[in-house]
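>>> Okay, sequence plus prediction incoming.
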Amino acid sequence: MKEQDLWYKRAIIYALDVETFQDSNNDGIGDFQGLIGRLDYLATMGITCIWLLPFYPTPNRDNGYDVMDYYNVDSRLGTLGDFAAFIREASERGIRVIVDLVVNHTSDQHPWFQESRSNPDSKFRDYYTWRKEKPEEEIGKPAFSGQEDSIWTYDEEAKAYYLHRFYAHQPDLNLGNPEVHKEIHHIMGFWLALGVSGFRIDAAHILVQSDSEDSTKEYYNLIEDMRDFISMHSRDAILLAEASGPPEVVGKFFKGRRRMHMMFNFLLNQHLFLALAKQDGIPIAKGLRMLPPKQEDLQWLNFLRHHDELNLEDLEEPETQEVFEAFAPKEDMRIFGRGIRRRLAPILNGDRHRIELAYSLLFSLPGTPMIQYGSEIGMGDDLSQEGRKSVRTPMQWTTEKNAGFSSAPVSQLPRPVISKGDYAYTKVNVVQQQRETNSLLNWMERVIRLRRQYPELGTGKCDILETKSSKIFAHSCTLVYTTVVVHNLSNEDVTVLLPILDQEDKYAVEVFSNDDYSMPKKGQLSINAYGYRWFRLNPATGEKKTQV
């Protein structure tokens with residue numbers, strides 16, 4: 001892929017679930033026609049790519065990740081025609097679309113599994129992993145601690161045990177079967193033909209695991225096979241891996257041009273929240289330095305929150321507890337023993353200064369930024385909802401019934417809108433914030449606009465700058481020009497020295513900040529509690545100068 005085709009390095013990605021975004025026919029469920037009606041909102045915000053959560057036909061026991069047909073749209077959300085219309089309308093607004101590819105497992109209602117369990121002579125028998133006897137030693141632990149006791153479940157009809165690393169109603173596909181590889185090719189080809197720009201590969205770290213008793217082996221042939229297929233059938237479509245783990249694990253998904261184009265940056269995400277909890281910039285520097293090396297056309301996807309839990313499993317145990325104490329002090333705020341099931345605004349107690357600080361970090365750190373639907377207005381969570389559903393409430397558009405999401409009775413909604421407390425839709429909604437000059441929504445539009453203006457932030461060489469204050473995290477990104485960004489993680493005003501801002505052949509232009517600061521003198525600058533300052537270094541013409 002040529003450098004000019006690396007659109008994903010310059011993208012602003014917006015993650016949404018069709019069923020909770022906008023209902024067009026008032027049946028209580030969001031749909032593709034409703035989403036089409038909101039595309040202008042996303043386009044004017046500056047979004048250039050939408051990541052769609054699963055929209056396939058499903059029993060819906062796991063938010064759509066239990067797929068029972070890979071070649072269609074769930075009837076609640078619309079039709080294939082509606083999907084095609086959505087792709088066309090998005091493209092006309094310069095917005096690309098990536099979709100979830102969930103091929104680690106299917107629903108137990110998928111025709112493949114139904115045939116597999118009922119007919120031992122069918123080719124579909126080998127689409128899944130069966131054992132007559134339950135293995136004495138399990139090859140791994142269930143993905144969701146406390147939800148499942150084993151990764152093997154006995155099926156009465158098949159008279160055998162089947163493998164499932166997630167829920168029992170999600171049997172694992174046998175990814176060592178060449179016929180399954182062909183099926184994955186067909187699925188990818190189908191959606192590429194309909195115009196998608198890539199796939200978010202669900203649970204990519206599990207796709208490479210062995211189904212044999214030797215669980216130490218890893219197999220990347222499927223990942224490389226998918227990369228070959230997408231390269232042959234699209235000029236610029238991408239693979240985005242959801243894979244967590246230590247550097248030596250996630251680094252294997254970046255292997256030249258043979259595996260993934262992009263990866264979720266779980267390591268940096270966890271260290272960023274540790275930095276926010278400690279009010280200390282050192283964890284961010286640590287998170288950046290521990291990332292495995294990657295080639296030029298590969299990219300990290302940075303995020304703060306999305307539709308799953310805030311996963312802390314790669315931090316040290318004392319660090320995890322420190323984040324829990326700061327951001328999830330109550331047990332019902334935690335999930336799976338390793339995560340937090342809250343949105344960003346409640347995590348930071350609705351503190352606008354800290355929310356801006358967090359998003360300033362997201363949009364200035366090297367990589368591609370992704371935001372969760374509703375984060376642009378500071379939506380809250382509903383901890384009365386089970387599990388991850390707490391952060392998957394309907395989008396809050398207006399003060400009308402059901403936040404303008406749907407006029408159907410509340411009982412017909414996928415989940416109730418947030419109607420009480422500081423994050424109720426009467427207090428937090430799009431229309432209200434569009435009217436307010438200093439709203440979070442208008443601030444987000446500004447930071448997105450700036451991010452798109454300065455390509456070095458996503459693609460340039462990143463250097464961590466020494467400030468002699470652990471409360472400060474400062475870094476520079478250089479492509480043709482250099483942008484310098486300074487963040488104060490603490491609740492105290494700080495003054496630091498940054499020699500990079502005092503160069504004879506450069507002058508600094510302050511392009512974004514949380515306050516009206518005086519310009520640095522001889523590299524010395526002040527920054528307020530939870531403050532941020534962005535500088536663009538321009539070549540000096542004639543006498544050296546520093547400019548606002």
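Looks like it came in fine.
>>> Contacts only, for D225.
181, 184-185 (Cβ atoms under 8 Å, 6 or more residues apart in numbering). For the C-beta atoms, the positions are set from N, CA and C on the backbone; glycine is no exception.
>>> meant to ask about L441
For L441, the contacting residues are 45, 376-377, 430, 433-434, by Cβ under 8 Å, 6+ apart.
>>> Which helix or which strand is home to it?
Per DSSP states H and E: L441 is located in helix 440-453.
>>> Just the CA atoms of that helix, as PDB, please.
These are the backbone C-alpha positions of helix 440-453, laid out as PDB (Å, rounded to 0.1, in the frame of the first residue of the first chain):
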ATOM      1  CA  LEU A 440     -17.800  19.500  25.400                       C
ATOM      2  CA  LEU A 441     -19.200  18.700  22.000                       C
ATOM      3  CA  ASN A 442     -17.900  22.000  20.500                       C
ATOM      4  CA  TRP A 443     -14.600  21.400  22.300                       C
ATOM      5  CA  MET A 444     -14.400  17.900  20.700                       C
ATOM      6  CA  GLU A 445     -15.000  19.300  17.300                       C
ATOM      7  CA  ARG A 446     -12.100  21.800  17.700                       C
ATOM      8  CA  VAL A 447      -9.700  19.100  18.900                       C
ATOM      9  CA  ILE A 448     -10.700  16.800  16.000                       C
ATOM     10  CA  ARG A 449     -10.200  19.700  13.500                       C
ATOM     11  CA  LEU A 450      -6.700  20.400  14.900                       C
ATOM     12  CA  ARG A 451      -5.700  16.700  14.900                       C
ATOM     13  CA  ARG A 452      -6.600  16.500  11.200                       C
ATOM     14  CA  GLN A 453      -4.600  19.700  10.500                       C
END
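>>> In this structure, where is pLDDT below threshold?
1-5, 145, 210-217, 542-548 (pLDDT under 70).
>>> how does it look with 80?
Within the chain, the stretches with pLDDT under 80 are 1-5, 137-141, 144-147, 210-219, 256-257, 294-296, 540-548.
>>> Got the domain ranges for this structure?
11-106+243-451, 111-163, 461-539 (automatic domain parsing).
>>> now do the same end-to-end measure for the first one.
When the termini of domain 11-106+243-451 are compared using Cα to Cα, to the nearest Å, they are 10 Å apart.
>>> what's the answer for stretch 120-136, then?
Counting by Cα to Cα, the terminal residues of stretch 120-136 are separated by 23 Å.
>>> So for that stretch, what gets flagged as buried?
Neighbour counts over stretch 120-136 (16 or more other Cβ atoms under 10 Å) mark 124-125, 127-130 as buried.
>>> Export those residues as CSV, with columns for distance to I230.
Below are the buried residues of stretch 120-136 laid out as CSV (distance: Cβ to Cβ, whole Å):
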residue, distance to I230
F124, 25
R125, 29
Y127, 22
Y128, 25
T129, 26
W130, 30
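>>> what's the closest of those to A168?
Y128 (12.8 Å; Cβ to Cβ).
>>> what sits against that closest one?
So Y128 contacts 112-113, 116, 162-163, 171-174 (Cβ under 8 Å, 6+ apart).
>>> Alpha carbons of stretch 519-527, as CSV, please.
Output of stretch 519-527 as CSV, limited to C-alpha atoms (Å, rounded to 0.1, in the frame of the first residue of the first chain):
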residue,chain,number,x,y,z
MET,A,519,4.2,32.5,25.8
PRO,A,520,7.2,30.6,27.0
LYS,A,521,10.4,32.6,27.6
LYS,A,522,13.7,30.9,26.9
GLY,A,523,11.8,27.6,26.9
GLN,A,524,10.2,28.1,30.3
LEU,A,525,6.5,27.6,30.4
SER,A,526,3.7,27.4,33.0
ILE,A,527,0.7,25.1,32.8
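>>> can you list contacts of that stretch?
Against stretch 519-527 from outside (Cβ under 8 Å, 6+ apart): 472, 486-488, 493-502, 508, 510, 517-518, 533, 546-548.
>>> This completes my enquiry, with thanks.
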